[in-house]
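Undergrad: Fold the stuff below for me.
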Amino acid sequence: MEQQNLQRFRFLIKIARFWRRFRDKFAAALDVSTDRKVELYVELSKSAGLRDVVYWLQIIFSAGIATLGLILNSSAVIIGAMLISPLMGPILSAGLSLASGDLILAIRSSTNLILSTLAAILFAVILVAFLPFKDITPEIDARTAPNLLDLVIALFSGAIGSVATCRQVRGVVTSIPGVAIAVALMPPLCVIGFGVGVAISFDPDKGLPIAGGGALLFLTNLVAITFTAMLVFLGLRVDTAKVREKVDLWKSTDRENLFWRKLFSNFPSFEKAREIRSFSLRLLMILLPLLLISIPLSRSYAIFQEQIATKQAQNRIVSAAREIWKPYAVDSEGNIRSYLDELRVEFKGDKATIVMRVFDNVGYTQAERNEFVRRVADKLGRAPDSLSLQLIEIPTSAREQFSPVIETTPTPLTVLQTQNLFLQEIGSAIEQMELPQPAQMIDYSINIRPDRITNFQINYLSPRDIENDGKALLLTEMRRRLSIPNLSLSFNRISSEVEEITFRRNGPELEQESQDLLRSAAASLQAHPALRLRVMIRAVDSNEELTNERMEAVKRILVEEYKVSEERLATGIVEGDDLPDTFQIFLRR
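TA: Numbers count the residues shown, from 1 in each chain. Here you go, the predicted model:
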């Protein structure tokens, strides 16, 4: 028994010596001398202070920049706020306090972090409360559902941030800015402020989940950086006797450190616990919140994994369906039969529905549909009954043969009569033609060139271009209908998307970019009489006059400058702080 205890003791001695040698080599590799350790200890202790005016200005300004960047959905502005990164100092000092067992430093850094966090959140709440718009932008939404991957990023970033802080600065420092961007401490705080501001001034059900997501992300970064900083400082042996001796000498002259010691001198228990000697207790103090945070992060990660798996399954089915559909898109003679306009997959339990929208001139039988589903299932290794097909067919015409009829008369037609009859036939063919959804035909023009090539220009209204396959199918159909082999088609799209317009702050004048957009829309209305324009102006709170002036400013450009009839304008006032001022071109026959 004694022999076994002796062997265990020797084994523990070997581990202790190995750990000591590792720490010495780690410090030597980073070129961290005893003097540098003292300097580092003093610098981080000062960063946990409350009297530095510049620090508090950095907190307020970075919070303002980050909040506006989130609301404007500007990544560049948010990165600017990240680079200021004032919170890294007190967080690293918290890690140092756990590594060295310095209770006073732990209290100072904790107090600094709490006040800094509250200041940043409060300033963000004030900004959001005064802003007239409170849209949840993608930059905000991206910071409301952290998962375990965010925790891993924060662990890595905290480790390299601590290492970069410990090393002597030589040449150009490149790691600290990267760490600041990777960790992004300020934006999650501003997301909390945004959520609280929305909850107070607009909708609690909408704002509180946002604030909760931002809080979880900030706590993840805070705890992870503190933990890795503690490990790095432990590896560097910042708590050696020589370092403590020099640091204690500095503490005896530092006014803020003396203030905290005097504040707690009335508590005898504090003097006994002024230095947390138990390493296991310090480790537990940081591991416990790390484990607690991992619980909601694990749930978010499970949801994230499920979404990724669903997306991958959808992509596999879409890829297989698109490949297998190719033979169905042509007829037995190799002519284009259909154009695949939309393809998506919807899951309901274990069953997947392939939703396809095709633009065709020959309908598909039920046998062809069943055969298509069977081939897709075979390619994917799935049971045929686990797949279903929802095929939406948009015919290019009434699917009836059209051939131009030339009336015969006892007397020959004049050139003008022949040309008019030909144009009527062409017009009839085009009017019966349907464009792929969501495109709507506005009008068309015909040009017969000297080389006898007949060119049709089709003007259509759509949020997106007709794809090349669709254009080729239309050309084939028109050539078949009119028996004109040298016919060509050109397409001109006019956007039907809702365009946002902006006015100068508290004024009726349109921003220059918005003026240009309206002029472009007015030019389209001039060229195509079938088009109309819908203009919706957001009501300005308690300022009906400004709302009307803004509507008049829009009409001046459209009616006075471009002579657009007011009958072609559909105008309205919309209520709601989260609604923008917009216009949209639409078609009304």
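Undergrad: how about the residue positioned nearest the centre of the chain, what does it touch?
TA: Nearest to the geometric centre of the chain sits P138, at 3.7 Å (C-alpha atoms, centre = their mean). Contacts of P138 were listed using C-beta atoms under 8 Å, 6 or more residues apart in numbering, and they are N73. Where C-beta positions appear, they are placed from N, C-alpha and C, glycine not excepted.
Undergrad: Beyond the helix or strand of the chain with the lowest mean pLDDT, next helix or strand please.
TA: In the chain, the helix or strand scored least confidently by mean pLDDT, DSSP states H and E is helix 175-183, which has a mean of 54. With elements assigned by DSSP states H and E, the helix or strand that comes after helix 175-183 is helix 186-201.
Undergrad: and that next one, which residues are buried?
TA: 186-199 (16 or more other C-beta atoms under 10 Å).
Undergrad: Same check on stretch 541-560?
TA: 546-547, 549-551, 553-555, 557-559.
Undergrad: What distance separates the opening and closing residues of it?
TA: 28 Å (C-alpha to C-alpha, to the nearest Å).
Undergrad: report the longest helix in the protein, please.
TA: helix 279-325 (DSSP state H).
Undergrad: could you point out which element follows it?
TA: Heading C-terminal from helix 279-325 (DSSP H and E), you reach strand 338-348.
Undergrad: Remind me what that following strand packs against, helices and strands.
TA: Where contact means 3 or more C-beta pairs under 8 Å, 6 or more residues apart in numbering; DSSP states H and E, strand 338-348 is packed against helix 279-325, strand 351-360, helix 468-482.
Undergrad: Any idea which of these gets closest to Q526?
TA: Taking C-beta to C-beta, helix 468-482 is the member of the helices and strands packed on strand 338-348 nearest to Q526, at 26.2 Å.
Undergrad: tell me what the closest one is packed against?
TA: strand 338-348, helix 415-432, strand 487-495.
Undergrad: I'd like the next helix or strand past the longest one.
TA: The one in question is helix 415-432. Following helix 415-432 toward the C-terminus (DSSP H and E): strand 440-448.
Undergrad: other SSEs contacting that next one?
TA: Using 3+ C-beta pairs under 8 Å, 6+ apart: strand 440-448 touches helix 415-432, strand 454-462.
Undergrad: what's the domain layout of the chain?
TA: 32-277, 311-395, 415-495, 499-587 (automatic domain parsing).
Undergrad: TSV for the buried residues of helix 186-201, including distance to K206?
TA: What follows is the buried residues of helix 186-201, written out as TSV (distance: C-beta to C-beta, whole Å):
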residue	distance to K206
M186	23
P187	19
P188	18
L189	19
C190	17
V191	13
I192	14
G193	15
F194	11
G195	8
V196	12
G197	11
V198	6
A199	7
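Undergrad: which among these gets closest to Y55?
TA: M186 (13.2 Å).
Undergrad: mind listing what that closest one touches?
TA: So M186 contacts 62-63, 66, 81-82, 84-87, 120 (C-beta under 8 Å, 6+ apart).
Undergrad: The longest helix of the chain packs against which elements?
TA: helix 88-100, helix 148-166, helix 204-236, strand 338-348, strand 351-360, helix 366-380.
Undergrad: Of these, which is nearest A142?
TA: Short answer: helix 204-236, nearest of the helices and strands packed on helix 279-325 by C-beta to C-beta, at 9.7 Å.
Undergrad: residues in contact with stretch 359-379?
TA: Against stretch 359-379 from outside (C-beta under 8 Å, 6+ apart): 317, 320-321, 323-325, 328, 331, 337-339, 341, 354, 358, 383-384, 386-389, 391, 393-397, 399, 434, 436-437, 470, 473, 477.
Undergrad: make that stretch 86-95, sorry
TA: Contacts for stretch 86-95 (C-beta under 8 Å, 6+ apart): 44-45, 47-48, 55, 58-59, 62, 105-106, 108-110, 112-113, 116, 158, 161-162, 165, 179-180, 183, 185-186, 222, 225-230, 232-233.
Undergrad: again with stretch 228-243
TA: By C-beta under 8 Å, 6+ apart, stretch 228-243 touches 22-24, 26-27, 30, 32, 34, 37-38, 40-41, 91-92, 94-96, 98-101, 155-156, 158-159, 161-163, 166, 282, 286.
Undergrad: and with 7 Å instead?
TA: Applying C-beta atoms under 7 Å, 6 or more residues apart in numbering, the set of residues contacting stretch 228-243 from outside is 23, 26-27, 32, 34, 37-38, 40-41, 92, 95-96, 98-101, 155, 158-159, 162-163, 166, 286.
Undergrad: Export the helices and strands packed on strand 338-348 to CSV and append columns for mean neighbour count, distance to S462 and mean pLDDT.
TA: Formatted as CSV, the helices and strands packed on strand 338-348 follow (neighbours: other C-beta atoms under 10 Å; distance: least, C-beta to C-beta, whole Å; pLDDT from 0 to 100):
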stretch, mean neighbour count, distance to S462, mean pLDDT
helix 279-325, 14, 22, 86
strand 351-360, 19, 13, 86
helix 468-482, 18, 11, 76
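Undergrad: Need those in TSV (columns: distance to N447).
TA: As requested, the helices and strands packed on strand 338-348 are exported to TSV (distance: least, C-beta to C-beta, whole Å):
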stretch	distance to N447
helix 279-325	36
strand 351-360	25
helix 468-482	14
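Undergrad: Q305 is nearest to which of the domains of the chain?
TA: Among these, domain 32-277 sits nearest to Q305 (C-beta to C-beta), with 8.8 Å.
Undergrad: Just the buried ones from the contacts of stretch 228-243?
TA: 26-27, 32, 37-38, 40-41, 92, 95-96, 98-101, 155, 158-159, 162-163, 166, 286.
Undergrad: hang on, the earlier thing: where among the helices and strands packed on helix 468-482 is the average confidence lowest?
TA: Comparing mean pLDDT across the helices and strands packed on helix 468-482, the weakest is helix 415-432, with a mean of 59.
Undergrad: L517 reaches E497, doesn't it?
TA: No - with contact defined as C-beta atoms under 7 Å, L517 does not reach E497; the gap is 11.0 Å.
Undergrad: ok, those two, which is more surrounded?
TA: When L517 and E497 are compared for neighbours, L517 comes out ahead with 18 against 11, by other C-beta atoms under 10 Å.
Undergrad: any idea how far the more buried one lies from I392?
TA: 33 Å (C-beta to C-beta, to the nearest Å).
Undergrad: cool, F264 as well?
TA: 74 Å.
Undergrad: who's more crowded, these two?
TA: Between F264 and I392, counting by other C-beta under 10 Å, F264 is the more crowded of the two (17 against 12).
Undergrad: I'd like the distance between that one and Y41.
TA: Counting by C-beta to C-beta - F264 and Y41 are separated by 20 Å.
Undergrad: same deal with L297?
TA: For L297 relative to Y41 (C-beta to C-beta), the value is 32 Å.
Undergrad: D516 too?
TA: 59 Å.
Undergrad: which residues in the stretch 451-589 of the chain form strands?
TA: 454-462, 487-495, 499-501, 531-538, 569-574, 581-587 (DSSP state E, counting those that start in this stretch).
Undergrad: I'd like those strands as JSON lines, with mean neighbour count and distance to A211 appended.
TA: Converted to JSON lines, those look like this (neighbours: other C-beta atoms under 10 Å; distance: least, C-beta to C-beta, whole Å):
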{"stretch": "strand 454-462", "mean neighbour count": "19", "distance to A211": "40"}
{"stretch": "strand 487-495", "mean neighbour count": "16", "distance to A211": "37"}
{"stretch": "strand 499-501", "mean neighbour count": "17", "distance to A211": "27"}
{"stretch": "strand 531-538", "mean neighbour count": "20", "distance to A211": "26"}
{"stretch": "strand 569-574", "mean neighbour count": "14", "distance to A211": "28"}
{"stretch": "strand 581-587", "mean neighbour count": "17", "distance to A211": "29"}
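Undergrad: Make JSON lines out of these and add distance to G212.
TA: As requested, these are exported to JSON lines (distance: least, C-beta to C-beta, whole Å):
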{"stretch": "strand 454-462", "distance to G212": "41"}
{"stretch": "strand 487-495", "distance to G212": "39"}
{"stretch": "strand 499-501", "distance to G212": "30"}
{"stretch": "strand 531-538", "distance to G212": "29"}
{"stretch": "strand 569-574", "distance to G212": "30"}
{"stretch": "strand 581-587", "distance to G212": "32"}
